[in-house]
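Colleague: quick one, structure for this:
(chains A and B)
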Amino acid sequence: MMHARGLRVKLERRLATSKTTTILIRMLSIILSLPLIGVCFAFYGVSPLDAYIKIFSGGFGSAHGVSETIVKMLPIGLCAIGLALAYKARILNIGAEGQLIMGSIAATWVALYSDFPQNLTIPIMFLSGFIAGATWAFIPALLKTTLNVNEVIVTLMMNYVSLNILNYLVTGPWRGAAQWGFPQTDPFPSYARLPLLTGTRIHYHTLIILLALTFLFYVLIHSTTVGYEIKLVGSNPNAAMYAGVSVSKIILLVMVLSGGLAGIAGVGEVAGVQGRLMRGISPGHGYTAIIPAWLGGLDPLATLLASFFISGLMVGGDRIQVSLGLPASLVYLFNGMILIFFITGEFLTKYRVSIEMGGRRIWI
Amino acid sequence: MDIVASLLEEAVKAGTPLLLATLGEVYCERSGILNLGLDGIMTIGALAGFAATWATGSVWAGFLAAMAAGGIFSLIHAFTSISLGVNQTVSGLALTMLGTGISSLLGAKYVGLPLRNRLMPIRIPVLSEIPVLGGLFRHDLLVYMSMVLAIVLWYVLFKTRLGIIIRAVGEKPEAVDAAGVNVYLVRYLCVFLGGVLGGLGGAYVSLCYTPGWREDIMMGRGWIALALTIFSLWNPIGSLFGAFLFGSVEVLQFHLQEYGVPASLLGTLPYVATIMVLVVSSLGFMKKRLGAPAALGVPYRREG
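Modeller: Prediction:
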């Protein structure tokens, strides 16, 4: 309890929280973080209101803006629904960034250095991207299940490892012959490029995969035995063990799936957006995806919606970086603020705060 | 033999930021709070230290500013994880994102600026001439202070009443609470200390080890320090060895480059080594995680 003269703050555990309250608190937590981010804008001599209008109109205010938001939502959404699944089992995979990079490397190998039939190239790229991402996630999962090694640190360390592998490839053996020394490969042949929706940069194969997987994960979580076991492992591993659930199997499964999805995201980035592998192939999509996973309450459908929202903010953020000259990692600030306010909000969904002042009582 | 001594010298220098951050995290985790925001705290410290030194011309003013900034910044995590009792992993991650974001935004104008003020190394007479081990005694004052600090913090943690209280808070907070100790206060202080030392470690990078400011200056050092905390078995003396071991890995990385191994492949060394260290810490005799605080990561709430 916190006491101050004439002021008394009391906490009470909420017995049940309605869905509406939860959603209201989540929305509020995002809105409340905006003024604080505004302080940083003001520090930079940029009018916060102006910045917000530019951010929102940049991401959602025009057909072009929305289409760019969808382009960003593809990698972020794929990573996020995978992460949400892992988090549901309380396995904190922070390695989507590295798993995405490994997926993009595998796809590049298929596109430039393999002899598969041309008409099979794209499906094989997606498949190999999935396998590469899944393998990269399997290592920390195996260390977790056999030796109980902290998966947060291992997945993070593996992000740095994959980033170095990427840089090695694009500055060394895979550097394109006609790239004037730029750290990138030669462009993919046309049969290894994903077609785009006319007039946009949306590579619709990836969009269809994202929507299909969101639906599949929704069904998996809500109406299958495995989904139930995942939730049980996440909420009470001991109970899961007594119920005969193989906790290790669930951990390996969610990690392989979430790594695989991040790998697919990497395929989309090289085959759909860039058309080649290059340094900085992901500007931190794998980290950004952590936010919508939590904002969506770890539910696949809500996570997809949250990914759309966050992607819009990122597109708008890119816009103001160019027009107002702000540094690129401003998005981390956004993400961090939103997440801090979000977890504070989560507290309010579990506890009721009452403030007593001179005999009057205010409930929050 | 002199080569070995100079390698040791470089390793100690490279290990000092890790040592400081690990020492802080050891106290933090001993009190039961896991702070995954360490990398963000170190980045904030690196910027605060650089900015203050740039403004005042004094490296020591830089260190002080970094300690203050790291300490204050860590209070966000203290508030969410101690007062609100939220998921510490998520809160820590948020803190790292926040720290990276804030420092890149505020640090944009310092990128590429040269730093004229340096800490001069103090060669300890006689000792610095010893073969091999002489490399331990050719450093600036902060390196010596960190080594002494490791010993002091070990003494406090294991040989004083305050240390018993801190460890008890991380093991059985209910019991300590019943004995009249303010669990919240102890945890706040330990998280704050973790922030202060993390900030200082970050500033050692931007002021002494690789002077200058860049957005990605920390290169995951905060995460390596988190692994070292486990590797050290939550013991300040263990941190001393762990940090210098990792300092050697970093030095090795630079020297192997001279033999034509690509820099980007060598760049994976510290991270692969970190994973190895975690694996080793979980093997065999260490499996019981001797010294792992029982209440680590568990929010404490006094009901009623």
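Colleague: right, is stretch A:312-325 up against chain B?
Modeller: No - judged by CB under 8 Å from any CB of the partner chain, stretch A:312-325 and chain B are separated, with a smallest distance of 9.1 Å. For every residue, glycine as well, the C-beta is placed using N, CA and C.
Colleague: pull the number of nearby residues for residue A:323.
Modeller: Counted with other CB atoms under 10 Å in any protein chain shown, the neighbours of residue A:323 add up to 12.
Colleague: check which helix or strand it maps to.
Modeller: helix A:300-324 (DSSP states H and E).
Colleague: just residue A:72 next, same as before
Modeller: Counting by DSSP H and E, the element that carries residue A:72 is helix A:63-88.
Colleague: in whichever helix or strand comes after that helix, which residues are buried?
Modeller: Next helix or strand after helix A:63-88 toward the C-terminus (DSSP H and E): helix A:96-113. Neighbour counts over helix A:96-113 (16 or more other CB atoms under 10 Å in any protein chain shown) mark A:96-112 as buried.
Colleague: repeat that for stretch A:53-66.
Modeller: By 16+ other CB under 10 Å, the buried positions in stretch A:53-66 come out as A:54, A:55, A:58, A:59, A:60, A:61, A:65, A:66.
Colleague: quick revisit: quick one: list the elements packing against the helix holding residue A:323.
Modeller: For helix A:300-324, the contact count by 3 or more CB pairs under 8 Å, 6 or more residues apart in numbering or on different chains; DSSP states H and E identifies helix A:48-60, helix A:63-88, helix A:204-223, helix A:290-295, helix A:330-350 as packing neighbours.
Colleague: how much space separates residue A:266 from chain B?
Modeller: 18 Å (CB to the nearest CB, to the nearest Å).
Colleague: in which helix or strand does that residue reside?
Modeller: Secondary structure (DSSP H and E) places residue A:266 in helix A:247-268.
Colleague: average pLDDT for that helix?
Modeller: In this model, helix A:247-268 has an average pLDDT of 97.
Colleague: roughly how far is that helix from the heart of the chain?
Modeller: 13 Å (CA atoms, centre = their mean, to the nearest Å).
Colleague: so which elements touch that helix?
Modeller: Packed next to helix A:247-268, using 3+ CB pairs under 8 Å, 6+ apart, are helix A:63-88, helix A:96-113, helix A:121-147, helix A:204-223, helix A:225-235, helix A:237-242, helix A:285-288.
Colleague: and of those, who's closest to chain B?
Modeller: Distance to chain B, taken as CB to the nearest CB, is lowest for helix A:121-147 among the helices and strands packed on helix A:247-268, at 4.0 Å.
Colleague: does the next helix-or-strand element following that closest one reach chain B?
Modeller: Downstream of helix A:121-147, the first helix or strand assigned by DSSP H and E is helix A:151-171. Yes - contact of helix A:151-171 with chain B (CB under 8 Å from any CB) involves A:152-154, A:156-158, A:160-161, A:164-165, A:167-168, A:171.
Colleague: next, format the helices and strands packed on helix A:247-268 as TSV and append mean pLDDT.
Modeller: Formatted as TSV, the helices and strands packed on helix A:247-268 follow (pLDDT from 0 to 100):
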stretch	mean pLDDT
helix A:63-88	96
helix A:96-113	97
helix A:121-147	97
helix A:204-223	97
helix A:225-235	94
helix A:237-242	89
helix A:285-288	90
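Colleague: just put the ones you listed in TSV and tack on distance to residue B:279.
Modeller: Converted to TSV, those look like this (distance: least, CB to CB, whole Å):
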stretch	distance to residue B:279
helix A:63-88	21
helix A:96-113	18
helix A:121-147	6
helix A:204-223	31
helix A:225-235	23
helix A:237-242	22
helix A:285-288	23
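Colleague: residue B:236: which of those helices is closest?
Modeller: Comparison of these against residue B:236 by CB to CB identifies helix A:121-147 as nearest, at 24.9 Å.
Colleague: which strands and helices sit next to the closest one?
Modeller: So helix A:121-147, by 3+ CB pairs under 8 Å, 6+ apart, packs with helix A:96-113, helix A:151-171, helix A:204-223, helix A:247-268, helix B:269-281.
Colleague: tabulate those helices (TSV), appending distance to residue B:75.
Modeller: Below are the helices and strands packed on helix A:121-147 laid out as TSV (distance: least, CB to CB, whole Å):
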stretch	distance to residue B:75
helix A:96-113	28
helix A:151-171	22
helix A:204-223	37
helix A:247-268	33
helix B:269-281	27
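Colleague: figure out which of those helices is closest to residue B:175.
Modeller: Per CB to CB, nearest to residue B:175 of the helices and strands packed on helix A:121-147: helix B:269-281, 27.4 Å.
Colleague: what angle do the helix or strand containing residue B:67 and helix A:330-350 make?
Modeller: Using DSSP H and E, residue B:67 sits within helix B:59-78. Relative orientation of helix B:59-78 and helix A:330-350, computed by axes from the mean of the first three to the mean of the last three CA atoms, to 10 degrees: 40 degrees.
Colleague: how far off centre is the helix or strand following helix B:59-78?
Modeller: Counting by DSSP H and E, the next helix or strand C-terminal to helix B:59-78 is helix B:88-107. Remark: helix B:88-107 is offset 16 Å from the chain centroid, using CA atoms, centre = their mean.
Colleague: contact partners for the most centrally placed residue in chain B?
Modeller: With distances taken as CA atoms, centre = their mean, residue B:21 lies nearest the centre of chain B, 0.8 Å away. Residues near residue B:21 by CB atoms under 8 Å, 6 or more residues apart in numbering or on different chains: B:38, B:41, B:42, B:197, B:198, B:201, B:202, B:221, B:222, B:225.
Colleague: for it, give its distance to residue B:120.
Modeller: 24 Å (CB to CB, to the nearest Å).
Colleague: low-confidence ranges in chain B?
Modeller: B:1, B:284-291, B:303-304 (pLDDT under 70).
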